[in-house]
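Asker: Everything below, folded, please.
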Amino acid sequence: MRADTNYDIMSDEDIVDRIQAGDRPAIDYLFEKYKYLARSKAKALFLIGGDRDDLIQEGMIGLYKAIQDYQRDRQSSFFSFADLCISRQIYSAIKASNRKKNIPLNTYISIYAPISSGQGEGDKETLVDIMYQENGLNPEEMVIDKENTSMIEYELVRRLSDLERGVLNLYMQ
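Answerer: Numbering: from 1, shown residues only. Prediction:
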């Protein structure tokens, strides 16, 4: 296919035919042309646990499916078919996010989100900060300390005589 093709003067149906025949640059043109449709459909909807960009992305997936599945002989314009595919893809994503299996994901509390301590807006402490302050160690440091303690105990048992171990045990109690 020629790279200098002017897609502006072609019908959408002709462009889709070219894409289905292997014209890769044409798909970029069609994505840009129909991105407004995905944006306008996503603007009016809400996705739990996501944002508008996620819905726009779902709309673009719907557009891709429309390009792949469009059949010119069905007597439907590509615009109508793309509109339907974009809408259905967005609605499917919203429906999937509302399923019971996604309740934990949709109702989670981020340990990195600022929490309110009632002291004003300036205090942006997170749950992770509080957990770190309680014991002073993060999980990685705790594992390293446990490994070091185990290594020290092993070496003490291996190197100390029975009398020295007995004295150490009495001292530690």
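
Asker: before we move on, which element is the closest residue to Ile15 other than its chain neighbours in?
Answerer: Residue nearest to Ile15 in three dimensions, not counting chain neighbours: Ala26, with 5.1 Å by CB to CB, 6 or more residues apart in numbering. All C-beta spots, glycine's among them, are computed from the backbone N, C-alpha and C. Assessed by DSSP states H and E, Ala26 sits inside helix 24-43.

Asker: tell me how far the helix or strand following that helix is from the chain's mean position?
Answerer: Proceeding N to C from helix 24-43, the next assigned helix or strand is helix 52-69, under DSSP H and E. Here helix 52-69 is found 16 Å from its chain centre; the criterion is CA atoms, centre = their mean, to the nearest Å.

Asker: Likewise for stretch 79-87?
Answerer: 25 Å.

Asker: and Phe46, how far is that from Tyr91?
Answerer: 12 Å (CB to CB, to the nearest Å).

Asker: Same check on Met151?
Answerer: 58 Å.

Asker: Which one of these two is surrounded by more residues?
Answerer: Tyr91 (14 against 10; other CB atoms under 10 Å).

Asker: Leu156 belongs to a helix?
Answerer: Yes: read with DSSP: H, G, I helix; E, B strand; the rest coil, Leu156 is one of the residues of a helix.

Asker: roughly how far apart are it and Arg165?
Answerer: For Leu156 relative to Arg165 (CB to CB), the value is 7 Å.

Asker: what's the answer for Tyr7, then?
Answerer: For Tyr7, the distance to Arg165 - CB to CB - is 84 Å.

Asker: follow-up on the earlier one: mind listing what's buried along the helix holding Ala26?
Answerer: Neighbour-count burial for helix 24-43, counted by 16 or more other CB atoms under 10 Å, picks out Ala26, Ile27, Tyr29, Leu30, Lys33, Tyr34, Leu37, Ala38, Lys41, Ala42.
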